[in-house]
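J.: structure for the following, please:
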Amino acid sequence: MIPKTFTQEIRLEDGRTITLETGKLAKQADGSVVVRMGNCMLLATVVSARTASPVDFLPLTVDYREKFAAAGRFPGGFFKREARPSDQEVLTMRLVDRVLRPLFPSDYHAETQVMIQLMSHDEQVMPDALAGLAASTVIQLSDIPFEYPISEVRVARVDGMFMINPSKAQLATSDIDIMIGASEDSVAMVEGEFDEISEEEMLDAIAFGHEAIKDQIRAQVALAEAAGKKETRTYEEEDADAELQKEIIEATYQSFYDIAKKGLSKGERSEQFSVVKENYISELSAETVEEKGDLISRYVKESQKKAVRDLVLNEGIRLDGRKTTDIRPIWCEVDYLPSTHGSSIFTRGETQALATATLGTSREANIIDLPTDQGEERFYLHYNFPPFSTGEARPLRGTSRREVGHGNLAQRALKKVVPADCPYTIRVVSEVLESNGSSSMATVCAGTMALMDAGVQIKKPVSGIAMGLITEGEKYAVLSDILGDEDHLGDMDFKVTGTADGITACQMDIKIKGLRFDIMTQALNQAREGRLHILKHLIDTISTPNEEVKEHAPKMIYRRIPNEYIGALIGPGGKVIQELQKESGCTLVVNEDPVTEEGIIEILGTSPEGIAMVEAKIDSITFKPKVGDTYEVKVIKMLDFGAVVEYTEAPGNEVLLHVSELAWERTENVSDVVNLGDILEVKYFGIDSRTRKEKVSRKALLPRPEKK
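T.: Purely as a prediction, here's the structure:
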């Protein structure tokens with residue numbers, strides 16, 4: 001029996017359509033939908049447990065996977081099976097998770113899984129732009145409690161015109177690439193990269209994307225109504241005790257307020273906050289603590305949060321004593337690590353990043369092999385966040401999604417200023433050594449200086465800042481350079497990076513409803529002032545990139561040779577190039593340019609002598625004398641019928657100087673005219689038609705004797 005299906009169509013301004021379909025696939029899930037645009041098809045499902053998890057938070061999993069079969073390709077590797085998610089898939093998961101998570105009820109703790117799979121790929125459609133729409137639609141089709149629908153779109157600007165969900169080819173020519181997640185009323189998430197645009201241009205892009213999101217939300221609601229909107233399920237709510245809550249706030253609030261006002265360090269503040277909690281608990285009976293322990297901890301946190309927020313809103317004073325626009329003290333250093341190609345330290349308050357830059361050949365490029373994207377990255381950044389950076393000892397479980405996300409943001413911030421003609425593959429690594437607020441922005445600052453220290457001729461230095469927000473009714477405060485606690489207790493985390501001339505990347509998460517555009521505008525303008533303040537510290541430390549790479553760092557030389565000489569350079573079984581690398585100490589990479597039909601030789605080495613040796617060998621291999629020209633040669637072998645000579649400007653290139661071409665007079669013995677090691681000049685005649693060998697002559701340069 002063919003199942004009954006329901007569809008809803010969304011028409012974009014340029015005539016393209018997005019179709020939502022439910023009722024055909026994955027009907028045992030709490031909700032399922034197929035989102036289609038062109039030949040791109042995503043299947044999204046959601047399942048949520050009927051009983052609450054014992055944890056005191058929502059155990060939500062958002063999983064996004066791109067199936068290789070969707071693009072008619074095989075997975076790489078021995079097992080030919082999709083394995084761990086790629087960084088691109090992880091980034092898409094984070095984009096969706098960040099918009100969904102705040103919209104579940106705060107007391108809903110049931111295990112919930114949203115799974116999104118790319119089932120069919122279209123080269124003209126970027127599927128990550130549809131993942132948020134798919135996730136929200138599938139929840140609307142379920143009975144899972146959720147506040148209101150959302151969606152996500154990608155906005156690009158091509159030839160000065162904004163467009164929704166561009167193709168990869170269109171995005172390549174765009175100066176804006178921004179993902180926007182929003183409800184019908186307000187923007188909740190923004191992440192993107194830009195070619196040094198202004199704050200006003202960024203706000204225009206967000207507003208344009210929000211209008212398209214409204215259409216997608218209306219389509220979700222219409223589909224859910226057509227399919228028969230389900231009643232929201234009842235669920236086991238958290239325990240609550242209003243009387244205990246009131247009692248705890250009355251007993252602890254002022255103490256928390258007074259501690260917050262002292263402007264203590266993170267460690268001192270945490271210790272004194274803990275004392276307040278311990279003092280309160282010490283006055284309770286053992287039975288009360290055992291019975292109400294979880295509630296006590298929750299309400300103490302609420303009291304502390306309220307005190308910190310009220311201090312900012314009432315007095316404009318923050319946890320570390322700063323005003324809302326103040327930036328923490330900064331110190332920087334470059335060339336700290338003696339053996340790296342480039343290094344720097346950036347410390348802002350209690351956040352510290354140590355960055356390194358490593359230079360290599362195209363062989364070190366980061367290879368991308370995904371169903372939807374194949375290619376390589378010649379500039380990439382890795383971000384590491386060890387437990388000791390926050391004074392913790394916890395298990396090491398590989399690279400976290402957070403590390404992938406923060407590294408990607410910093411990479412997007414910096415890649416715009418790396419010149420397109422930079423000869424190196426560049427890897428920047430940020431080691432976060434201390435963290436109390438925005439280590440990703442510290443990574444951007446440290447990465448900028450490490451690149452400059454390495455001698456990478458970046459166009460302009462880049463700095464970054466994290467902005468926060470605290471609101472209560474009509475009162476609000478925008479915070480510059482937020483602490484970790486202000487991120488946790490606040491209503492917004494807005495990271496902005498850029499040069500002195502414009503924004504290069506951003507990431508924003510909103511935890512409240514209805515963020516006004518005037519507040520967002522203030523946050524962006526305040527962020528610009530903070531960025532420029534931080535940028536001055538970077539420039540004071542290292543004003544321009546070093547003119548040369550360091551003595552121990554590799555120097556990169558490019559040489560182009562006709563394709564016909566590549567075989568001679570490589571040699572049989574790679575013998576010639578391997579011996580050359582061993583003798584010179586250089587690394588050689590040979591690629592072919594299909595456009596010019598030339599070989600591109602990358603020579604990477606630390607020794608000028610070694611590089612010169614390689615260049616001389618290339619010159620020798622590619623040397624081609626011109627008919628009629630005169631060349632200096634050296635005698636390297638004596639024969640009965642002539643001398644073997646070598647071109648001095650191309651060692652290794654040999655030619656026979658026949659005895660008949662030594663002199664006009666008859667020569668009985670070659671040694672009568674030349675000897676081993678002699679330097680002389682010869683004229684090149686090309687290929688002799690009789691012997692079919694190259695012909696050179698010494699006598700052609702001598703005066704011809706007069707006939708007697």
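J.: show me the contacts for the residue nearest the centre of the chain.
T.: Closest residue to the average C-alpha location of the chain: Asn408 at 3.1 Å, with Cα atoms, centre = their mean. Contact analysis of Asn408 by Cβ atoms under 8 Å, 6 or more residues apart in numbering lists Asp87, Leu91. In this view, the C-beta of every residue, glycine as well, is placed from N, C-alpha and C.
J.: tell me which element it falls in.
T.: helix 401-415 (DSSP states H and E).
J.: tell me the confidence at the residue nearest to the centre of the chain?
T.: Asn408 carries a pLDDT value of 95.
J.: that one and Cys506: what is the separation?
T.: Per Cβ to Cβ, to the nearest Å, Asn408 is found 13 Å from Cys506.
J.: now do Tyr299
T.: Counting by Cβ to Cβ - Tyr299 and Cys506 are separated by 36 Å.
J.: more crowded one of the two?
T.: Cys506 (26 against 23; other Cβ atoms under 10 Å).
J.: isn't the more buried one up against Gly192?
T.: Yes: counting by Cβ atoms under 8 Å, Cys506 does reach Gly192; the two are 6.0 Å apart.
J.: overlap in contacts, the two.
T.: Taking Cβ under 8 Å, 6+ apart as the contact rule, Cys506 and Gly192 both touch Ile178.
J.: where exactly do the strands run in the stretch 101-250 of the chain?
T.: Secondary structure of the stretch 101-250 of the chain (DSSP state E, counting those that start in this stretch): strands located at 110-120, 151-158, 161-164, 176-182, 187-197.
J.: now distance to Tyr253 and mean pLDDT too, for the ones you listed, in a markdown table please.
T.: Shown next, in a markdown table, are the strands of the stretch 101-250 of the chain (distance: least, Cβ to Cβ, whole Å; pLDDT from 0 to 100):
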| stretch | distance to Tyr253 | mean pLDDT |
| --- | --- | --- |
| strand 110-120 | 32 | 97 |
| strand 151-158 | 39 | 96 |
| strand 161-164 | 47 | 96 |
| strand 176-182 | 35 | 96 |
| strand 187-197 | 30 | 94 |
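J.: using a markdown table, lay out these together with mean neighbour count and distance to Leu656.
T.: Formatted as a markdown table, the strands of the stretch 101-250 of the chain follow (neighbours: other Cβ atoms under 10 Å; distance: least, Cβ to Cβ, whole Å):
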| stretch | mean neighbour count | distance to Leu656 |
| --- | --- | --- |
| strand 110-120 | 21 | 66 |
| strand 151-158 | 24 | 63 |
| strand 161-164 | 19 | 68 |
| strand 176-182 | 25 | 63 |
| strand 187-197 | 22 | 60 |
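J.: how about the ones you listed in TSV, adding distance to Arg427?
T.: Shown next, in TSV, are these (distance: least, Cβ to Cβ, whole Å):
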stretch	distance to Arg427
strand 110-120	29
strand 151-158	27
strand 161-164	33
strand 176-182	22
strand 187-197	19
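J.: and the ones you listed: which comes nearest Ser660?
T.: Closest approach to Ser660 among those (Cβ to Cβ): strand 187-197, 68.6 Å.
J.: relative to that closest one, what are the paired strands and their orientations?
T.: strand 176-182 (antiparallel), strand 502-510 (antiparallel) (DSSP bridges).
J.: residue ranges with poor pLDDT in this structure?
T.: 1, 514, 708 (pLDDT under 70).
J.: confirm Thr358 sits in a helix?
T.: No: read with DSSP: H, G, I helix; E, B strand; the rest coil, Thr358 is strand and lies in no helix.
J.: for it, give me its contacts.
T.: Applying Cβ under 8 Å, 6+ apart to Thr358 gives the contacts Thr340, His341, Gly342, Ile426, Arg427, Val428, Val429.
J.: among the residues you listed, which one lies nearest to Phe517?
T.: Phe517 lies nearest to Val428 out of these, by Cβ to Cβ, at 34.4 Å.
J.: is it true that that closest one touches Leu451?
T.: Yes: in terms of Cβ under 8 Å, Val428 counts as a neighbour of Leu451; the distance is 6.8 Å.
J.: quick check: Val289 is in a helix.
T.: Yes: with three-state DSSP as the criterion, Val289 is assigned to a helix.
J.: now Tyr299: how far from Ala240?
T.: With the distance defined as Cβ to Cβ, Tyr299 ends up 10 Å from Ala240.
J.: find the residues that touch each one of these two.
T.: Joint contacts of Tyr299 and Ala240 (Cβ under 8 Å, 6+ apart) do not exist.
J.: helix, strand or coil: sort out Glu13 for me.
T.: Here Glu13 is recorded as coil under three-state DSSP.
J.: which residues touch it?
T.: Contacts of Glu13 (Cβ under 8 Å, 6+ apart): Met163, Ile164, Ala212.
J.: switch to 10 Å and redo it
T.: Going by Cβ atoms under 10 Å, 6 or more residues apart in numbering, Glu13 touches Phe162, Met163, Ile164, Phe208, Glu211, Ala212, Asp215.
J.: could you do Val114 as well?
T.: Val114 sits next to 31, 44-48, 60-64, 93, 96-97, 100, 131, 134-136, 138-139, 144 when contact means Cβ under 10 Å, 6+ apart.
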